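Participant: The sequence and its predicted three-dimensional model are supplied below.
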Amino acid sequence: MDVYAAGDFSDFLQEDLTLYASSAVLTDAETGRILYGKSANTPMANASTTKILTCILAIEEGSLDDVVTVSDYACSMPQVKLGFSSGDSFYLRDLLCSLMLESHNDTAVAIAEHIAGSVEAFADLMNQKAEEIGCLNSHFVTPNGLDGEDAQGEHLTTAYDLSLIMSYCIQNEEFLNITRTGSAQISTVDGTKQFFLNNHNSLLDMEAGVISGKTGFTGKAGYCYVGAYQSGAHVCSFALLACGWPNNREYKWEDSRQLMHYADEKYSDQVLLADGVDIEIPCVGAVNVQNGHIVYPKTLEAVSSDEVITAFVSGRDEISVQYDLPEVIAAPAAAGTAVGKEKVYLNHVLYAERDILLTESAQLFDFPWCMKWMVRGFQI
């Protein structure tokens, strides 16, 4: 199944959930389909939720056993910070805990410099990865989510793009292990400095089914959150941007609960297509031999494949099936040949499709075929 284009469903099922967030989205993590949206494709500052992209890039581009040596520039980052000194060395796995549990800004820069050589080069990697994931309205400048700007623009993303990044991240076991860690103790490689870390993602303990998440805050972005949640057998991702300012840090948890409960109450996994459908298609120039008798079929039998198509849908979703078939099949035609598509549309957008295959073959009724059967008649 293809990931849905940004905007296909951003406002389709929007209801008044009285969310505090200026921008919010609930997304099917498997397909990228937007289940609920509120200004879901509006670029906004997103603070430390950026660090999920920094984390997954570090996991993919580096090794968790890498030794990362801290620079003066990394040490110059503002709070919140781990507080290391220039020249200190850490294992990358420990710095990723610092990044994701306590959201340290100096750690993000140290990781970026280790992976790409500079923050600017790492930003290039961030934007490349975001494009690969399917983000269409994002531009990343800093690895920690602090406000930044370069020649291409400001550091901004959308709730929808952020949810796509989270959907991608949770496919990685190392990412899940790190972001689910409740607390950790890390140290420099030489063991001379030790640090205690606690996970600030309180939603992990507040709500059953929460898989992962990351908080964020700056004066420009306000409180932000991106998370992943399992609703029944299905996984959703969600994101909240500009979800209040001090003293309203609890708003993001209230909004998160509303989105998760919305998934539980409105959506469920349903089978859209199960058994294959028998179809007859007109044919021309065809001849078959059945039980020793020559027949000239006017139609050929076909069947759609029996691949089961399911979707995470609500009672308000519109589901329809269309058949993309040729007007006529010209012989010769071999059994098993794909001759069309059975297409499922969800809210008028193509959701999935199955091949339609011929179940019988037909030879071409032409002079060579006639000569063959004349010779056979004489032989008999």
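Facilitator: Thanks, I have the structure now.
Participant: Would you mind giving both backbone torsions of the closest residue to residue 342 other than its chain neighbours?
Facilitator: Leaving aside its sequence neighbours, residue 342 sits nearest to residue 304 (Cβ to Cβ, 6 or more residues apart in numbering; 4.2 Å). Quick note: C-beta positions are derived from backbone N, CA and C, even for glycine. Main-chain dihedrals, residue 304, degrees, to the nearest 10: phi -70, psi 150.
Participant: could you list every residue that touches residue 304?
Facilitator: Going by Cβ atoms under 8 Å, 6 or more residues apart in numbering, residue 304 touches 273, 276-277, 279, 342, 354-357.
Participant: Please convert those residues to TSV, extending it with neighbour count and distance to residue 261.
Facilitator: Below are these laid out as TSV (neighbours: other Cβ atoms under 10 Å; distance: Cβ to Cβ, whole Å):
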residue	neighbour count	distance to residue 261
273	22	29
276	18	37
277	16	37
279	20	42
342	23	35
354	22	34
355	16	39
356	24	40
357	17	43
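Participant: just checking, which of those belong to strands?
Facilitator: When DSSP state E defines the strands, the subset of the contacts of residue 304 inside them is 273, 279, 342, 354-357.
Participant: Check the contacts of residue 304 against residue 316 and report the nearest one.
Facilitator: Minimum distance to residue 316 across the contacts of residue 304 is 19.9 Å, recorded for residue 273 (Cβ to Cβ).
Participant: these two touch, right, the closest one and residue 341?
Facilitator: No: if you go by Cβ atoms under 8 Å, residue 273 and residue 341 don't touch, sitting 11.9 Å apart.
Participant: anything in contact with each of the two?
Facilitator: Shared contacts of residue 273 and residue 341 (Cβ under 8 Å, 6+ apart): residue 354.
Participant: any low-confidence regions in the chain?
Facilitator: 1-16, 377-380 (pLDDT under 70).
Participant: which one is residue 139 nearest to, not counting chain neighbours?
Facilitator: That would be residue 153: by Cβ to Cβ, 6+ apart, it lies 4.9 Å from residue 139.
Participant: Count the neighbours of that neighbour for me.
Facilitator: By the criterion of other Cβ atoms under 10 Å, residue 153 has 11 neighbours.
Participant: so it bridges to which residues?
Facilitator: Taking DSSP bridges as the rule, residue 153 bridges to residue 150.
Participant: Which parts of this protein are helices?
Facilitator: Along the chain, the segments classed as helices by DSSP state H run 51-61, 72-75, 92-97, 105-116, 119-133, 159-169, 173-180, 203-206, 251-266, 367-379.
Participant: starting at the chain centroid, how far to the third one?
Facilitator: Here the centre of mass of C-alpha atoms in helix 92-97, compared against the chain's by Cα atoms, centre = their mean, to the nearest Å, lies 25 Å away.
Participant: Contacts for it, please.
Facilitator: Under Cβ under 8 Å, 6+ apart, the answer for helix 92-97 is 55, 58-59, 62-68, 107, 110-111, 114, 178, 181, 184, 186-187, 197.
Participant: one step back: looking at the helices of the chain, which is nearest to residue 34?
Facilitator: helix 159-169 (6.4 Å).
Participant: what's near enough to touch residue 356?
Facilitator: Counted by Cβ under 8 Å, 6+ apart, residue 356 has contacts 279, 302-305, 323, 325, 338-342.
Participant: Skipping its backbone neighbours, what lies nearest it in space?
Facilitator: Nearest to residue 356 is residue 340, by Cβ to Cβ, 6+ apart, at 4.1 Å.
Participant: Settle this for me: that neighbour is touching residue 305, isn't it.
Facilitator: No: at 11.2 Å, residue 340 and residue 305 do not qualify as touching, with contact defined as Cβ under 8 Å.
Participant: between the two, who's got more neighbours?
Facilitator: residue 340 (20 against 16).
Participant: Can you tell me how far the residue nearest to residue 342 is from residue 343?
Facilitator: For residue 304, the distance to residue 343 equals 10 Å [Cβ to Cβ, to the nearest Å].
Participant: swap in residue 87?
Facilitator: 61 Å.
Participant: out of those two, which sits in the more crowded spot?
Facilitator: It is residue 343, of residue 87 and residue 343, that has more neighbours when counted by other Cβ under 10 Å, with 16 against 11.
Participant: Can you tell me who residue 310 pairs with across the strands?
Facilitator: Where residue 310 sits in a bridge, its partners, by DSSP bridges, are residue 271.
Participant: go on, the one 10 residues further on?
Facilitator: Listed by DSSP bridges, the beta-bridge partners for residue 320 are residue 345.
Participant: Does it touch residue 342 like I think?
Facilitator: No: contact criterion Cβ under 8 Å: residue 320 and residue 342 do not qualify, at 11.5 Å.
Participant: Could you export the contacts of residue 304 as CSV, including distance to residue 363?
Facilitator: Below are the contacts of residue 304 laid out as CSV (distance: Cβ to Cβ, whole Å):
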residue, distance to residue 363
273, 32
276, 25
277, 26
279, 21
342, 27
354, 27
355, 23
356, 21
357, 18
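Participant: any idea how far residue 129 is from the nearest residue to residue 186 once chain neighbours are set aside?
Facilitator: In space, and not counting its chain neighbours, residue 186 is closest to residue 94: 3.7 Å by Cβ to Cβ, 6+ apart. Note on residue 94: its distance to residue 129, by Cβ to Cβ, is 23 Å.
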